[in-house]
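Participant: this one's structure only:
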Ligand SMILES: [Zn+2]
């Protein structure tokens, strides 16, 4: 069984490498998913802000129209002052000029306040767009990197699977099946070391008789009674580790 255990350990090393290749790819995908979601939400925010800005600018146009109308009225009234015939007319024109002046002044104030708001929103929008662009660039960079590395991962994985096939050839198929089944249920570890009677997979004590059998090297594979992983014991240096 020692030889079988030694091979299983090598197979497990390959399996862990294959798993970590897959995880690397998953990590990329997760980062891209996150960025994609951020891009979408920032894009929506920017679009809503553009809409708000367009409404403000329209409001601003309306105010500017009102200011222009007041100014026109004032200059027309001022022209009429030259041909005024009596006090009553003078009073009427003066009153109109005053009211137009007041309207213009109010319009100017509203315009100033609105322009400040527009400017504030424009600054914020520019910041969001800048962020959006930076995220987009990061997304494009990751996506390019992912494409470039995919081939490498695929061929590395295939190579490892071939190496695995070669390694497992001398091992009884039912043992490989058992190892595979435990590995798939136990987070990728189907075979673990027992160190001082403690299973290094689930860190519980195993019965001393199993430990003794492991140390001696038995004909049958031993499993941890708690996590069911296949077990191997520390051996005198070189026997299991030396490959
Ligand atoms: Zn265990």
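Facilitator: Here it is on my side, so go on. These numbers were taken from a predicted model, which means no experiment stands behind them. Numbering: from 1, shown residues only.

Participant: so when I look at residue 85, I'm seeing a strand, right?
Facilitator: No - applying DSSP: H, G, I helix; E, B strand; the rest coil, one finds residue 85 to be coil, outside a strand.

Participant: renumber starting at 8 from here on
Facilitator: Sure thing, new numbering starts at 8, so read that last one as residue 92.

Participant: now do the same for it: its pLDDT.
Facilitator: pLDDT, residue 92: 91.

Participant: just residue 122 next, same as before
Facilitator: At residue 122, the model reports a pLDDT of 97.

Participant: for it, what are its contacts?
Facilitator: Applying C-beta atoms under 8 Å, 6 or more residues apart in numbering to residue 122 gives the contacts residue 67. Any C-beta I mention is one placed from the backbone N, CA and C, and that applies to glycine too.

Participant: in stretch 221-234, what's buried?
Facilitator: Within stretch 221-234, the residues that qualify as buried are 221, 228-231, 234, counting by 16 or more other C-beta atoms under 10 Å.

Participant: all the strands of this protein, residue numbers only.
Facilitator: Taking DSSP state E, the strands of the chain run over residues 198-202, 205-206, 237-240.

Participant: nearest the geometric middle of this protein, what residue?
Facilitator: residue 41 (2.1 Å; C-alpha atoms, centre = their mean).

Participant: gap between that one and residue 88?
Facilitator: Separation of residue 41 from residue 88 (C-beta to C-beta, to the nearest Å): 70 Å.

Participant: kindly report the same for residue 229.
Facilitator: 113 Å.

Participant: next one: residue 42
Facilitator: Distance of residue 42 to residue 88, computed by C-beta to C-beta: 68 Å.

Participant: and for residue 238?
Facilitator: Distance of residue 238 to residue 88, given as C-beta to C-beta: 109 Å.

Participant: for these two, indicate the residue with more neighbours.
Facilitator: Counted by other C-beta atoms under 10 Å, residue 238 and residue 88 do not tie: residue 238 has more neighbours, with 24 against 12.

Participant: which residues touch that one?
Facilitator: Residue 238 makes contacts with 198-201, 206, 213, 217, 221, 228-231, as judged by C-beta under 8 Å, 6+ apart.

Participant: and these, which is closest to residue 99?
Facilitator: Of all the contacts of residue 238, residue 199 has the smallest distance to residue 99: 102.7 Å, by C-beta to C-beta.

Participant: I'd like to know which elements the least confident helix or strand in the chain by mean pLDDT is packed against.
Facilitator: Least confident helix or strand, the chain: helix 215-223 with a mean of 89, by mean pLDDT, DSSP states H and E. Applying 3 or more C-beta pairs under 8 Å, 6 or more residues apart in numbering; DSSP states H and E, we find helix 215-223 packed against strand 237-240.

Participant: next, give phi and psi for residue 203.
Facilitator: Per-residue torsions, residue 203: phi 50, psi 50 (degrees, to the nearest 10).

Participant: next, count neighbours for it.
Facilitator: Residues lying near residue 203 (other C-beta under 10 Å) number 9.

Participant: now swap in the one 5 residues further on and tell me
Facilitator: Burial of residue 208 is recorded as 22 neighbouring residues (other C-beta under 10 Å).

Participant: how about residue 156?
Facilitator: With other C-beta under 10 Å as criterion, residue 156 counts 15.
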